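**Q** predicted coordinates and the sequence they were generated for:
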Amino acid sequence: MSAGLKSIAETVVQLPQKDRVFLAERLLASLEDADLEQEWKDEALRRRDEVRSGKVKSIPAAEVYRRIERLLAK
């Protein structure tokens, strides 16, 4: 652990509880966002590869919209 990080940690533990809770939530959210972003990137690449390989066939947007309209009309 760097000296700067130790200094930050020492300062943070002296904050009021509500401020520490806020900071902890922000730090956790930043980790979750990074994980989620990577998961979406992986999913996008997987789907792209499936289309390119012919494993799945894409549907034109106009057809998707027609299907949605039919479903909503029911």
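**A** Happy to help now that I have it.
**Q** which helices and strands does the lowest-mean-pLDDT helix or strand in the chain pack with?
**A** Lowest on mean pLDDT, DSSP states H and E among the helices and strands of the chain sits helix 17-53, with a mean of 90. Contacting helix 17-53 under the criterion 3 or more CB pairs under 8 Å, 6 or more residues apart in numbering; DSSP states H and E is no other helix or strand. In short, each C-beta sits where N, CA and C put it, glycine included.
**Q** buried set for it?
**A** Using 16 or more other CB atoms under 10 Å as the test for burial, helix 17-53 gives no buried residues.
**Q** how far away is L31 from K18?
**A** 21 Å (CB to CB, to the nearest Å).
**Q** I'd say V56 and R46 touch.
**A** No - V56 is beyond contact range of R46, at 10.4 Å (criterion: CB atoms under 8 Å).
**Q** overlap of the contact sets of the two?
**A** Among the neighbours of V56, none is also in contact with R46 (CB atoms under 8 Å, 6 or more residues apart in numbering).
**Q** how much space separates E69 from E63?
**A** 11 Å.
**Q** same check, this time on S7
**A** 59 Å.
**Q** one more: A34?
**A** 36 Å.
**Q** specify the residue positioned farthest from the middle of the protein.
**A** Most distant from the centre of the chain: K74, at 33.8 Å, with distances by CA atoms, centre = their mean.
**Q** for stretch 5-23, what is the distance to the chain centroid?
**A** In terms of CA atoms, centre = their mean, to the nearest Å, the centre of stretch 5-23 is found 26 Å from the chain centre.
**Q** first-to-last residue distance for that stretch?
**A** 15 Å (CA to CA, to the nearest Å).
**Q** for the remainder of this discussion, apply numbering that starts at 12.
**A** With the count now opening at 12, the last piece we talked about shows up as stretch 16-34.
**Q** distance between the strand or helix carrying I79 and the chain's centre?
**A** Under the criterion of DSSP states H and E, I79 resides in helix 72-84. Distance of helix 72-84 from its chain centroid, counting by CA atoms, centre = their mean, is 28 Å.
**Q** contacts for stretch 59-79, please.
**A** Applying CB under 8 Å, 6+ apart, the set of residues contacting stretch 59-79 is R58.
**Q** fine by me, thanks again.
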